[in-house]
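Enquirer: requesting a structural model of the entry that follows:
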Amino acid sequence: MSPKVSQQHKEQRRSNLLEAARDVFIEHGYENTTMKHVMERAGVSRGGLYQYFENKEDLFEALIAEELREAIEGSIEAMLKKQGSYWDVLLMSFLGESKKATNHMDALAPSKLEYFITGRHDESRKEHARKRFLHAYQMTVNIIEEGVKAGEFSPRFEPEVIAKAIISHIDGMAMDHAILDSETIQLKEQTEWLMGYVKWGLGVEE
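Expert: Presented below is the predicted three-dimensional model:
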């Protein structure tokens, strides 16, 4: 009789598989990654991987769903307490903890672009893209609206327009970053421009 595996152990094993998969997708991209790559990186058997994920698409969807879950769990109130201002909360939401413009993009971004673009006619992938966009959009709008209530922002445009502009700019840079070299797109400089333009659009005083 096989020993009973605890739920905690199963969750940890699944987490380990997702971590290995993330590394593989970053290294090979979505299209070139195979389940064998993940098996080898995670050091598991075929059965050990397929016990948790049916195929590569199922695995990648679980990976981006996990990222979205972690993002949703963070409340604006908690971020404000940590960051001190709504401007810093907004910067952190699209620049990360450093809140600084750099020449580095989310390492998984090229694989996400492959996944969404090659599957633009697939309803499941379109639904994942929609959820991803709506979460980022609503979170950004909420941050701006809370900043307005606090008297920190005096927007020159509707919060909805500013939120969509931020997301479109970042997604556009991510696409260019996946295809072109960093010198061609000047990621750091474009991000600094975005920060300056958003600051102006929100009426943030120096």
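Enquirer: distance of the most centrally placed residue in the chain relative to R156?
Expert: Geometric centre of the chain, nearest residue: E67, 6.5 Å, by Cα atoms, centre = their mean. Per Cβ to Cβ, to the nearest Å, E67 is found 32 Å from R156. Where C-beta positions appear, they are placed from N, C-alpha and C, glycine not excepted.
Enquirer: check W87 too.
Expert: Applying Cβ to Cβ to W87 and R156 gives a distance of 15 Å.
Enquirer: those two: which is more packed in?
Expert: W87 (20 against 11; other Cβ atoms under 10 Å).
Enquirer: please, where are all the helices along the protein?
Expert: Here the chain has its helices, by DSSP state H, at 7-28, 35-42, 46-50, 56-73, 76-83, 86-95, 109-118, 123-149, 159-179, 182-185, 187-202.
Enquirer: so if we follow the domain assignment, how does this protein break up?
Expert: 1-73, 74-206 (automatic domain parsing).
Enquirer: tabulate the ones you listed (JSON lines), appending mean pLDDT.
Expert: Supplementary listing: those in JSON lines, determined by pLDDT from 0 to 100:
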{"stretch": "domain 1-73", "mean pLDDT": "89"}
{"stretch": "domain 74-206", "mean pLDDT": "90"}
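Enquirer: list of residues touching stretch 84-99?
Expert: 76, 79-80, 83, 101, 139-140, 143-144, 146-147, 150, 152-153, 166, 170, 191, 195, 198-199, 202, 204 (Cβ atoms under 8 Å, 6 or more residues apart in numbering).
Enquirer: mind checking which of those residues are buried?
Expert: 76, 79-80, 83, 101, 139-140, 143-144, 146-147, 152-153, 166, 170, 191, 195, 198-199, 202, 204 (16 or more other Cβ atoms under 10 Å).
Enquirer: pretty sure H169 sits against L194.
Expert: Yes. Using Cβ atoms under 8 Å as the test, H169 is close enough to L194 to be in contact (5.3 Å).
Enquirer: measure E97 to A20 for me?
Expert: From E97 to A20 the distance is 24 Å (Cβ to Cβ).
Enquirer: again, but for K131
Expert: 24 Å.
Enquirer: out of the two, which sits in the busier spot?
Expert: Each of K131 and A20 has its neighbours counted (other Cβ under 10 Å); A20 has more, 20 against 14.
Enquirer: my guess is the more buried one meets T33, correct?
Expert: No. Counting by Cβ under 8 Å, A20 does not reach T33; the two are 11.1 Å apart.
Enquirer: which of the helices of the chain is buried the deepest?
Expert: Burial of the helices of the chain is given as mean neighbour count (mean count of other Cβ atoms under 10 Å); helix 86-95 ranks first at a mean of 21.
Enquirer: quick one: work out the angle between it and helix 56-73.
Expert: Angular relation of helix 86-95 and helix 56-73 on a 0 to 180 degree scale: 170 degrees, by axes from the mean of the first three to the mean of the last three Cα atoms, to 10 degrees.
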